[in-house]
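A.B. asks: Fold the stuff below for me.
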Amino acid sequence: MMTSINPTMEIRADRLDPLTTITLDEGPQRLTPLAFEEVILPQLITGLTANPRPISSITFVYQPAWASHGLMATDILQIKIAHRQIRDFIREWWGKENARQVRIIYGGQCRQEWTADLIADQNIDGILGRRD
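C.D. replies: Residues are numbered from 1 along each chain as shown. Below you'll find the predicted structure:
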């Protein structure tokens with residue numbers, strides 16, 4: 001069971017609707033923010049194109065393999081940058097209101113002492129996954 005500083009930010013995997021969830025992954029290599037356009041952006045476009053539901057009903061799960069499978073140490077700055085880039089893309093193409101309404105959650109491993117910092121970030125709407 002996950003512990004929480006703010007239980008309203010905890011997201012359980014079994015509560016996510018697979019029809020309205022798009023999972024984004026950088027793969028096993030940690031990317032620079034510039035690689036967003038090469039790796040994450042195509043996943044966003046493919047996921048949104050394949051999903052007929054309104055964008056405001058979509059939950060995006062940023063779940064990089066490098067963090068989810070313990071391949072590399074969790075990088076809190078990279079997590080924040082990725083969430084900001086996802087929200088900025090939605091804002092640019094679908095407007096402020098849709099960018100505000102979508103949920104973008106983090107789905108990789110996270111150190112317990114970083115939980116409050118991640119939850120406080122305006123672009124991270126919750127945490128899904130294990131805590132170290």
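
A.B. asks: quick one, strands of this structure?
C.D. replies: 21-24, 59-62, 103-106 (DSSP state E).

A.B. asks: Now render those strands as TSV, adding mean neighbour count and distance to Ile127.
C.D. replies: C-beta coordinates here come from the backbone N, C-alpha and C atoms, glycine included. Supplementary listing: these in TSV, determined by neighbours: other CB atoms under 10 Å; distance: least, CB to CB, whole Å:
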stretch	mean neighbour count	distance to Ile127
strand 21-24	18	15
strand 59-62	23	10
strand 103-106	23	5
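
A.B. asks: Ile124: which of these is closest?
C.D. replies: strand 103-106 (5.7 Å; CB to CB).

A.B. asks: shaky segments in the protein?
C.D. replies: Low-confidence segments of the chain, defined by pLDDT under 70, span residues 1-19, 28-34, 67-74, 129-132.

A.B. asks: One more pass at 90, please.
C.D. replies: Counting by pLDDT under 90, the chain shows low-confidence ranges at 1-59, 61-79, 81-82, 107-119, 126-132.

A.B. asks: Centroid-nearest residue for it?
C.D. replies: With distances taken as CA atoms, centre = their mean, Tyr62 lies nearest the centre of the chain, 2.8 Å away.

A.B. asks: quick one: contacts for that one?
C.D. replies: Going by CB atoms under 8 Å, 6 or more residues apart in numbering, Tyr62 touches Leu24, Ile79, Ala82, His83, Ile86, Ile104, Ile105, Tyr106, Gly107, Gly108.

A.B. asks: Tell me what it is bridged to.
C.D. replies: In this structure, Tyr62 has beta-bridge partners Leu24, Tyr106, where bridges are defined by DSSP bridges.
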